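Q: predicted structure and sequence below. I'll ask about it afterward.
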Amino acid sequence: MLTLFYHPLCPFSRYVRLILGEYGIEVRLVEERFWERREEFLLLNPAGQIPVLVADGQPAIPGASIIAEYIEETHTAERENRLLPATPGNGSRCAGWRAGSTTNSIRKSAARWSASAYSSGI
């Protein structure tokens with residue numbers, strides 16, 4: 001059985017829970033208050049970040065994108081439609097998009113805000 005250490009307000013945890021739900025994978029949820037830095041949790045992920053997925057008999061899998069790739073690799077035979085591209089070239093484009101999309105959108109928003117603030121004299 002899979003165990004997911006998560007926090008309900010964490011967007012990365014929500015992302016993983018969404019993927020698990022799309023695949024219909026049952027998982028034991030453990031709400032983790034990562035700011036308390038519990039020793040048991042730090043043994044799973046020394047960085048103390050969530051989400052972390054633990055599969056029986058396997059090392060802990062930290063990070064939303066790594067967990068998503070693990071789920072894609074281990075559960076695609078059970079599903080006709082994949083959430084990530086099957087071909088290597090498209091998969092790398094998707095990974096690049098995931099890595100840069102949030103950063104780029106924040107940069108664009110900040111640039112628009114600073115330009116409008118500068119022109120209005122704020």
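A: Looks like it came in fine.
Q: not counting its neighbours along the chain, what's nearest Ala47?
A: Pro62 (6.8 Å; C-beta to C-beta, 6 or more residues apart in numbering). Where C-beta positions appear, they are placed from N, C-alpha and C, glycine not excepted.
Q: in contact with that neighbour, which residues?
A: Leu44, Asn45, Ala47, Gln49, Pro51, Val52 (C-beta atoms under 8 Å, 6 or more residues apart in numbering).
Q: just the ones of the residues you listed in helices?
A: Leu44 (DSSP state H).
Q: which among the contacts of Pro62 gets closest to Tyr6?
A: Pro51 (4.7 Å; C-beta to C-beta).
Q: in the protein, where is pLDDT below threshold?
A: In the predicted model, the chain carries pLDDT under 70 at residues 77-122.
Q: let me see the ranges of the helices in it.
A: Going by DSSP H, the chain shows helices at 11-23, 39-44, 64-75, 88-120.
Q: and the shortest one, what's buried?
A: Burial within helix 39-44, assessed by neighbour count using 16 or more other C-beta atoms under 10 Å, is assigned to Phe41, Leu44.
Q: and the residue nearest to Ala47, how far is that from Gly24?
A: Noted for Pro62: a distance of 23 Å to Gly24, by C-beta to C-beta, to the nearest Å.
Q: and what of Phe34?
A: 27 Å.
Q: again, but for Ala68
A: From Ala68 to Gly24 the distance is 15 Å (C-beta to C-beta).
Q: between the two, which is the more surrounded one?
A: Ala68 (22 against 9; other C-beta atoms under 10 Å).
Q: what about Phe34, how many residues nearby?
A: Neighbour tally, Phe34, other C-beta under 10 Å: 20.
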